[in-house]
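Asker: model this:
(one chain, ligands or ions: 1)
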Amino acid sequence: MTLSLNKDKIRFLLLEGVHDNALKVLNEAGYTNIEYIKTALDEDELIEKIKDAHFVGIRSRTQLTAKVLESADKLIAIGCFCIGTNQVDLQTALRLGIPVFNAPYSNTRSVAELVLAETIMLMRGIPEKNAVVHRGGWNKSAKNSYEVRGKTMGIVGYGSIGSQLSVLAESLGMKVIYHDVMTKLPLGNAMQVGSLDELLAKADVVTLHVPDLPSTRGMMTKQEFNQMKNGAFFINAARGGCVVIEDLADALSSGKLLGAAIDVFPKEPKSADEEFSSPLRAFDNVILTPHVGGSTQEAQANIGLEVAEKFVKYSDQGDTTSAVNFPNVSIPFTEGTHRLLHIHRNVPGVLSQINASFADAGINIMAQSLMTRDDVGYLMMDVDDNDSAQAMKRLRAVPETLRVRVLF
Ligand code: NAI
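Answerer: So this is what the prediction gives:
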């Protein structure tokens, strides 16, 4: 159980050389007790270092296994300074009352820019021309070489990336149509179409920006490629599993599609030492990139800001908005109150037990919000600052309690 600590006692362990924007954000918020390490640590070193840490920041190489987390007695929160969170045992973190944050939207612009550039390159036939010139050839023909102005981009999935791309594509004079399972507000002059079929039939270039879900896995097969316009282009920088690669290869071989740009694959090499194998390697008119849609310096800088800001909001206000494994709770801060944070095992009756106990002691609750997720509940309460010591005592007495903090 944790009481409110002075900021200089709150210890941050930042590993894998996370972007120094993170240090700036933490320092500006008054957190200076930071150990910054440029590499990942092996398990034994990690267990030793994490023992004293209240917050740990990692990228993709640090494995926060159940064994590591169980040895991290003081740990309050985990920040993944990246997009993926599968290097963390999320269920164990939840069970221990530790929220995990990441930066899902820091590289939105980077992906949108790459897709826009690929659209131009594909419509000019540049991938193939580039390959021919590299081999000493010289094909100056304008055949199958088009401006993007006036062409139709079909965006599948109009979320953060899809909608950003829509604005950029329109600025080049493209028409934008999109398909989404939700009704989405169109930006600029973009238009939502009623179905994927309609989009496939109308677009000169189709680009996927959907999440990895059972419903999106294998969404582009032979049948969908056949529905596309003759001589259209296809781009996937979403998730590899969305496309049946053999069917895409057939559509390229037959000349149904004039080209494609693929950044994500059903099976990607785990390291630079492993060979990338795919039927798409055979095609000069396909741009192949090694899952770098979101990999830019700017994205890294944004990640540093985004995750560090989430650390500060959780440390200062208990705010868990957008935690990936944890109940998301946020309430505005009110002057003259102390905030109590109570993480507990999610069984019926905890809230009524706490409210009855507070009522007995004459403690008035000024704001209260509870969310649960799987086996864990997270309760945030604001009480008069004169009542917080008594309230903390009563919270600690609740048998289902995992952690308690008071913020003032
Ligand atoms: P987002 O969650 O903001 O948007 C996804 C959109 O797809 C939502 O509007 C959702 O309603 C829609 N959608 C879901 N199922 C659909 C379906 N069956 N048909 C049509 N629309 C559907 O996601 P965001 O941030 O725009 O990311 C999109 C994709 O890009 C994700 O798969 C993400 O993993 C991937 N990505 C790839 C990167 C790379 O390096 N290549 C970097 C960043 C993200």
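Asker: and stretch 107-122, how far out from the chain's middle?
Answerer: A distance of 18 Å separates the centroid of the chain from that of stretch 107-122, by C-alpha atoms, centre = their mean, to the nearest Å.
Asker: my bad, stretch 219-232
Answerer: Chain-centre distance of stretch 219-232: 29 Å, with C-alpha atoms, centre = their mean.
Asker: Can you measure across that stretch, start residue to end residue?
Answerer: End-to-end distance for stretch 219-232, by C-alpha to C-alpha, to the nearest Å: 18 Å.
Asker: same thing with stretch 71-80?
Answerer: 19 Å.
Asker: Number the residues from 41 up from this point.
Answerer: All right, first residue 41 from here; so that's stretch 111-120.
Asker: May I see the buried residues of it?
Answerer: For stretch 111-120, the neighbour count (16 or more other C-beta atoms under 10 Å) marks 112, 115-120 as buried. Quick note: C-beta positions are derived from backbone N, CA and C, even for glycine.
Asker: from those, which is closest to the ligand?
Answerer: Nearest to the ligand out of the buried residues of stretch 111-120 is residue 120 (C-beta to the nearest ligand atom; 13.9 Å).
Asker: Let me know how buried the residue nearest to that closest one when sequence neighbours are not counted is, in neighbour terms.
Answerer: Spatial nearest neighbour of residue 120, excluding adjacent residues (C-beta to C-beta, 6 or more residues apart in numbering): residue 142 at 4.2 Å. Residues within reach of residue 142, counting by other C-beta atoms under 10 Å, total 23.
Asker: List the contacts of the spatially most central residue of the chain.
Answerer: With distances taken as C-alpha atoms, centre = their mean, the residue of the chain nearest its centroid is residue 144 (2.0 Å). For residue 144, the contact set (C-beta atoms under 8 Å, 6 or more residues apart in numbering) comprises 123, 362.
Asker: is it true that it lies in a helix?
Answerer: No - under DSSP: H, G, I helix; E, B strand; the rest coil, residue 144 sits outside any helix and is assigned coil.
Asker: which residues touch the residue nearest to residue 120?
Answerer: 119-120, 122-125, 347, 364.
Asker: Over to residue 131?
Answerer: Counted by C-beta under 8 Å, 6+ apart, residue 131 has contacts 365, 414.
Asker: do residue 179 as well
Answerer: 169, 172.
Asker: same thing but at 6 Å, please
Answerer: residue 172 (C-beta atoms under 6 Å, 6 or more residues apart in numbering).
Asker: What sits closest to the one residue in the chain that gets nearest to the ligand if chain neighbours are left out?
Answerer: Closest to the ligand within the chain is residue 199: 1.7 Å, counting by C-beta to the nearest ligand atom. Nearest non-adjacent residue to residue 199, counting by C-beta to C-beta, 6+ apart: residue 249, 6.4 Å away.
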